[in-house]
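One predicted model, sequence on top.
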Amino acid sequence: MEENRQELMDILEETRPDIDFEKEKALIDDELLDSFDIISIVSEINDAFDISINVNDLLPENFNSVEAILTLITRLQEE
Amino acid sequence: MKNTILAFLEENVSRTPDKTAVADEFRSLTWRAYLTAALRAAGRIREMTGADAAPVGSRPVGVLIDRNIISIAAFIGIAYSGNFYVPLDPALPAGRLEMILGELSPVMLVDAREPAEASGQTADSMKASAPAGNAVLAADARPQAPARPLPVACNVPVLDMYALCADLFTERTGDTENPAAGALNASGDAGNAAGADVNSAADQAVQALIRDAQAMRSGLIDTDPLYAIFTSGSTGVPKGVLVSHRSVLDLTEAFGETFGFAEDAVFGNQAPFDFDVSVKDIYNAMHCGGRVEVVPHRMFVMPAMLMEYLASHGINTIIWAVSALRIVSDLKALDQMQTSVPVDLRHIMFSGEVMPVKSINYWIRFFPDAVYVNLYGPTEITCNCTYHILDRHYENDELIPIGKSFPNKRVFLLERPEEDGDSEAEAPAVPRIIPVTEPDCRGEICVEGTGVALGYWNNPARTAESFTARPGAPATLNRIYRTGDLGYYNKDGDLMFAARADNQIKHMGHRIELGEIEAALNAIDFIDVACCFYDQKKEKIICVYQAEEERRKQIIQALSDRLPKYMRPNRYLRMEQMPLNAHAKIDRRLLRTMYEEGRI
């Protein structure tokens, strides 16, 4: 889990260096991430964790925080 | 002969006054209400700028935009007032907004942001205080909502567009409209007559409205500016591209003639209003009598609901940035498409950057009967100058042509000296125009015709550099715009896009001058010098800077006040000493090689 977290943080911080991902808990609801960020993040997460995020997983509650994204990654890795 | 697109708005009011013209998630305007809102705003703008007493010529009016039809009505109101509008995104960093306002010096601002719930001025409360009678003048007697704080200080009058026109909007609840909320739907004086008398009164009200509109724009000529849109500038300051009524009118004539849009066209607006892709939605709908549906931004962030939105709002025509179509294809958002009614997409058009064929093939799998069009052109030639209708299957490794020019534009290639970053060679005095019969020969794409913009606002030096005379022609004739894009003809005589001739890039659908990012970086006191380039494969902006020590966080902080988020670099790499070439300039080519080899 900790390894996943570091890898995810690397992806997020490279996509949007200006966002404090440890602090923000409403990345989608507060419109901090836009559509291009999501494309980039989803594609890099899919590659890095060897999962396939489905369009139906693209919900604000799965992307609002680092914890939420980690939970999604873990679920898809277990499926 | 018409001299402005506004004449089509009036024709739509005459023909179908009660048909919905523009709509967003929360509200809509009929053609009649749309024109009424615009005229009301125009009258108020003239008063507030002192132009009601004597004509003063066209001047800039800034619009604080939102993704709503309040913004669209504000644009048209400004056009009727005899001024030109400049869409301004209130979410831009304050420093950048101040820079644009400094360049622009607007005579006033129109605030078209969504009404603040906290203000207590709802549509209903505004309507309750509106006197009956002449709808155009009604708002003048009403109290104005208290002004909301502006994102930056600006010492000019501000008009609150929503407060001015609240009674004209038809509110939308869910997917249905509540016509009762549109005070003008049946007539300007509904309820005191019946049958033929009502119709007759309504007709007279419509004709009176159109006469008011024609009187309001009587001083306008076709070369007057309609809008200015600010784009990234290589010297560090954004530039405002000034576009005339004539250019927009001719654009819509060309689109109408080429694609046959009709009154049943419903344009699903994706592009923000400070990008000229949105100009095509607003004015093509006005030209053909169709409708604009502003699609909420969140649909493009989490696209699972996007198709349902298109279906339930009857959207059948999309003119989107390539990046917006890619959101759907990259995330495979059509794979599990379930909509309440079928999505009926007839025209799928795209522009802004090179469309990956695999992305468009994904769309074609789901919408095989739609017409797919690749559009090309920078803001300076009014949206697009060439188009290519996809007429066959393209393999994933092929390039889609940018095609042939629209009827009102002439597009040609000017030969350039061989591109070499270090070359000091001078261009020939009169460059050669490359004939269509010479395939694969690269040249700079140049455009001539009525679509060529008036120039850059308040920037004669840059205007003279980019808008020039056609080689060999007298300076006063045939102004052309040199796009800075390199292209070539394929064997079918179709134009193909090759590359940029300079440091401009397309990133996340935005046109960005790397020089503008570098100027912002070089303004930071602890950076000796900075250089940016684009990693096309990873779609990331890379910044290499020379400084005594690593200070990534401070750089990010400094840029956040100056650059919009899409212009901020993704990676920051520090070097103690930048590599220099023989001319003592940064060796960009070596720098890129070092990056690609992981040596920075």
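Okay, I see it. Numbering: from 1, shown residues only, chains lettered A, B, ... in the order given.

can you pull the contacts of B:Asp561?
By Cβ atoms under 8 Å, 6 or more residues apart in numbering or on different chains, B:Asp561 lies in contact with B:Pro93, B:Ala94, B:Gly95, B:Arg96. From N, CA and C alone the C-beta is placed, and that goes for glycine too.

Name the secondary structure element that contains the third one.
Here B:Gly95, judged by DSSP states H and E, is contained in helix B:94-104.

tell me how far the next helix or strand after that helix is from the chain's mean position?
Downstream of helix B:94-104, the next assigned helix or strand under DSSP H and E is strand B:108-111. Strand B:108-111 sits 18 Å away from the centroid of its parent chain (Cα atoms, centre = their mean, to the nearest Å).

One more: stretch B:507-527?
Averaging C-alpha positions (Cα atoms, centre = their mean) puts stretch B:507-527 22 Å from its chain's average.

How about the residues of chain A by chain B?
A:14-18, A:28, A:31, A:33-36, A:38-40, A:42-43, A:53-56, A:58-60, A:63 (Cβ under 8 Å from any Cβ of the partner chain).

where does the residue of chain A found nearest chain B fall, phi/psi-wise?
Here the residue of chain A nearest chain B is A:Phe36; by Cβ to the nearest Cβ that distance is 3.8 Å. Reported as degrees, to the nearest 10, the phi and psi values for A:Phe36 are phi -70, psi -40.

next one: B:Cys543
phi -110, psi 130.

who's in contact with the residue nearest to the spatial centre of chain A?
Centroid-nearest residue in chain A, with Cα atoms, centre = their mean: A:Ile69, separated by 4.4 Å. Residues near A:Ile69 by Cβ under 8 Å, 6+ apart: A:Leu8, A:Leu12, A:Ile45, A:Asn62, A:Phe63.

Mind doing that once more with 6 Å?
Contacts for A:Ile69 were tallied using Cβ atoms under 6 Å, 6 or more residues apart in numbering or on different chains; they are A:Phe63.

With the flanking residues excluded, which residue is spatially nearest to A:Arg5?
Distances taken as Cβ to Cβ, 6 or more residues apart in numbering or on different chains place A:Leu70 nearest to A:Arg5, at 6.1 Å, with adjacent residues excluded.

so which strand or helix has that neighbour?
Counting by DSSP H and E, A:Leu70 is part of helix A:66-78.

buried residues in that helix?
Residues A:Val66, A:Ala68, A:Ile69, A:Leu72, A:Ile73, A:Leu76 are the ones in helix A:66-78 that count as buried (16 or more other Cβ atoms under 10 Å in any protein chain shown).

Also stretch B:554-565?
B:Ile555, B:Ile556, B:Ala558, B:Leu559, B:Ser560, B:Arg562, B:Leu563, B:Pro564, B:Lys565.

Start and end of that stretch, how far apart?
16 Å (Cα to Cα, to the nearest Å).

Let me see the mean pLDDT of that stretch.
Mean pLDDT, computed over stretch B:554-565, is 90.

quick one: that stretch to chain centroid distance?
24 Å.

Flag the shaky bits of chain B, pLDDT-wise.
Residue ranges of chain B with pLDDT under 70: B:53-55, B:117-147, B:174-196, B:198, B:418-429, B:475-477.

let's see 50
B:118-135, B:137-145, B:179-183, B:185-193, B:420-424 (pLDDT under 50).

Report the residue ranges of every domain in it.
Domain segmentation of chain B under automatic domain parsing yields B:6-145+B:153-163+B:175-241, B:348-500, B:507-596.

Tell me which of those is the most buried.
Most buried of the domains of chain B by mean neighbour count (mean count of other Cβ atoms under 10 Å in any protein chain shown) is domain B:6-145+B:153-163+B:175-241; its value is a mean of 19.

want to try JSON lines for the domains of chain B, with distance to B:Asn269 as columns?
Converted to JSON lines, those look like this (distance: least, Cβ to Cβ, whole Å):
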{"stretch": "domain B:6-145+B:153-163+B:175-241", "distance to B:Asn269": "8"}
{"stretch": "domain B:348-500", "distance to B:Asn269": "13"}
{"stretch": "domain B:507-596", "distance to B:Asn269": "14"}
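
between those, which one is nearest to A:Phe49?
Nearest to A:Phe49 among those is domain B:507-596; the distance by Cβ to Cβ comes to 17.5 Å.

what's the residue in the stretch 101-250 of chain B that chain A sits nearest to in contact with, if anything?
Closest residue of the stretch 101-250 of chain B to chain A, Cβ to the nearest Cβ: B:Glu114 (13.1 Å). Each residue near B:Glu114 by Cβ under 6 Å, 6+ apart is listed here: B:Asp66.

where's it, which helix or strand?
Going by DSSP H and E, B:Glu114 is not in any helix or strand.

quick one: it and B:Arg148, what's the gap?
Per Cβ to Cβ, to the nearest Å, B:Glu114 is found 10 Å from B:Arg148.

tell me the phi and psi of the closest residue in space to B:Lys19 that isn't next to it in sequence?
Here the nearest residue to B:Lys19 in space, its sequence neighbours aside, is B:Trp31; by Cβ to Cβ, 6+ apart that works out to 5.9 Å. Backbone geometry at B:Trp31, expressed as degrees, to the nearest 10, gives phi -60, psi -40.

Surely B:Trp31 is in contact with B:Val22?
No - B:Trp31 is beyond contact range of B:Val22, at 9.0 Å (criterion: Cβ atoms under 6 Å).

Check chain B for its longest strand and report it.
Ranked by residue count, the top strand of chain B under DSSP state E comes out as strand B:479-489.

Sheet-wise, list the partners of that one with their directions.
As defined by DSSP bridges, the strand partners of strand B:479-489 come to strand B:443-449 (antiparallel), strand B:467-469 (antiparallel), strand B:495-500 (antiparallel).

Need these in TSV (columns: distance to B:Tyr394).
Listed next are those as TSV, based on distance: least, Cβ to Cβ, whole Å:
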stretch	distance to B:Tyr394
strand B:443-449	21
strand B:467-469	34
strand B:495-500	13
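
closest one to B:Tyr85 among these?
Nearest to B:Tyr85, of all the strands paired with strand B:479-489, is strand B:467-469, at 21.4 Å by Cβ to Cβ.

returning to what we had before: any idea how far B:Ala464 is from the residue nearest to A:Arg5?
A:Leu70 is 55 Å from B:Ala464, where distance means Cβ to Cβ.

Tell me the residues of the stretch 151-300 of chain B that contact chain A?
B:Phe300 (Cβ under 6 Å from any Cβ of the partner chain).

Next up, identify which helix or strand the closest residue to chain A within the stretch 151-300 of chain B is on.
Closest to chain A within the stretch 151-300 of chain B is B:Phe300: 4.3 Å, counting by Cβ to the nearest Cβ. For B:Phe300, the host element (DSSP H and E) is helix B:298-301.

helices or strands up against that helix?
helix A:35-49 (3 or more Cβ pairs under 6 Å, 6 or more residues apart in numbering or on different chains; DSSP states H and E).

so how far is chain A from B:Tyr19?
If you look again at residue B:19, you'll see it is Lys, not Tyr. The spacing between B:Lys19 and chain A, counted by Cβ to the nearest Cβ, to the nearest Å, is 31 Å.

Excluding residues flanking it in the chain, which one is nearest B:Ile433?
Using Cβ to Cβ, 6+ apart and skipping residues adjacent in sequence, the residue nearest B:Ile433 is B:Phe412, 5.2 Å away.

What about chain A: which of the buried residues of stretch B:554-565 touch it?
Contacts with chain A within the buried residues of stretch B:554-565, counted by Cβ under 6 Å from any Cβ: B:Ile556, B:Ser560.

ok so, going back, drop anything exposed from the residues of chain A next to chain B.
Going by neighbour count (16+ other Cβ under 10 Å), these have A:15-17, A:28, A:33-36, A:38-40, A:42-43, A:53, A:55, A:58, A:63 buried.

if we can go back for a sec, as a markdown table, the buried residues of helix A:66-78 with pLDDT and distance to B:Pro407 would be great.
Formatted as a markdown table, the buried residues of helix A:66-78 follow (pLDDT from 0 to 100; distance: Cβ to Cβ, whole Å):
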| residue | pLDDT | distance to B:Pro407 |
| --- | --- | --- |
| A:Val66 | 97 | 53 |
| A:Ala68 | 96 | 52 |
| A:Ile69 | 97 | 50 |
| A:Leu72 | 96 | 51 |
| A:Ile73 | 96 | 52 |
| A:Leu76 | 94 | 51 |
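
No further questions, thank you.
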